[in-house]
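**Student:** Here's a sequence, model it:
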Amino acid sequence: MVAAGDQETNVLAWAGDGGTFDIGLQALSATAERNEDILFVCYDNEAYMNTGVQRSSATPQGAWTTTTPTGATKQRPKKNIVEIIAAHRIPYAATASLAFPQDLLSKVSRARDTKGFRFLHIFSPCPPGWRTATDISIKVARLAVLTRVAPLYEVRDGLHYTMNLTPRPLPVGEYLGLQGRFAHLGDDDIKMIQENVDREWQELTLRAEKSNPTRFA
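**Tutor:** Numbers count the residues shown, from 1 in each chain. Below is the predicted model:
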């Protein structure tokens, strides 16, 4: 668009977690590295849902999918796509959730008004794939944030972190317990997931403190 002299058109790319985390990662990385003037939105429901609920690298550790059934569940943690893209030092990257619409709208506005490559990661439940009732989708999405499984934050220029919400953490079991895809997990499994969530949260807040020392003074 820039080469054609168009300085006004907003270019939006929209893809699921499979197309972002896996299939399209090579092209996505190249686009981010060139700092193309594009807003890329990843709609993350943590599996290849429209082709039958197969595992993707966005699938969380221990989750059931048709390719990681009970007894052979996913053993690797979810890929941290935001950190991968932020490492390209793009102008703007952020996470969002359907359960926090005002935060989402604010981030869309900031991304729209920023030049260069922007990346927005939207966390969204999938009732069939997560084995949940449709009417609790927002509750599940909210619990993901409140248990710190899906933190809300922004990264500018790959270096400057802003935490948008620092909830008093709820036990991760409250989130996992609503989803049939985790029904096979035992207490030790849930304890391990809790430890991983706590560790990831600590690392994230340390980055925020380092990039905004006065805010945390």
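**Student:** Just list the residues touching residue 95, thanks.
**Tutor:** With contact taken as C-beta atoms under 8 Å, 6 or more residues apart in numbering, residue 95 is in contact with 82, 121-123, 150-154. For every residue, glycine as well, the C-beta is placed using N, CA and C.
**Student:** List the contacts of the longest helix seen in the chain.
**Tutor:** When the chain is parsed with DSSP state H, its longest helix is helix 187-211. Under the contact criterion C-beta under 8 Å, 6+ apart, helix 187-211 has outside partners 60-62, 77, 80, 147-149, 151, 153, 159-163, 166, 169, 171-173, 176, 185, 215-216.
**Student:** Tell me where the model's unsure across the chain.
**Tutor:** 1-3, 213-217 (pLDDT under 70).
**Student:** At which residues are the strands of it located?
**Tutor:** For the chain, applying DSSP state E gives strands covering 12-16, 39-44, 92-97, 118-123, 153-156, 160-163.
**Student:** and of those, who's closest to residue 67?
**Tutor:** Minimum separation from residue 67 across the strands of the chain (C-beta to C-beta) falls at strand 12-16, 16.0 Å.
**Student:** returning to that earlier point: closest to residue 105 out of the strands of the chain?
**Tutor:** strand 92-97 (9.0 Å).
**Student:** partner strands of that closest one, parallel or antiparallel?
**Tutor:** Pairing partners of strand 92-97, with direction, according to DSSP bridges: strand 118-123 (parallel), strand 153-156 (antiparallel).
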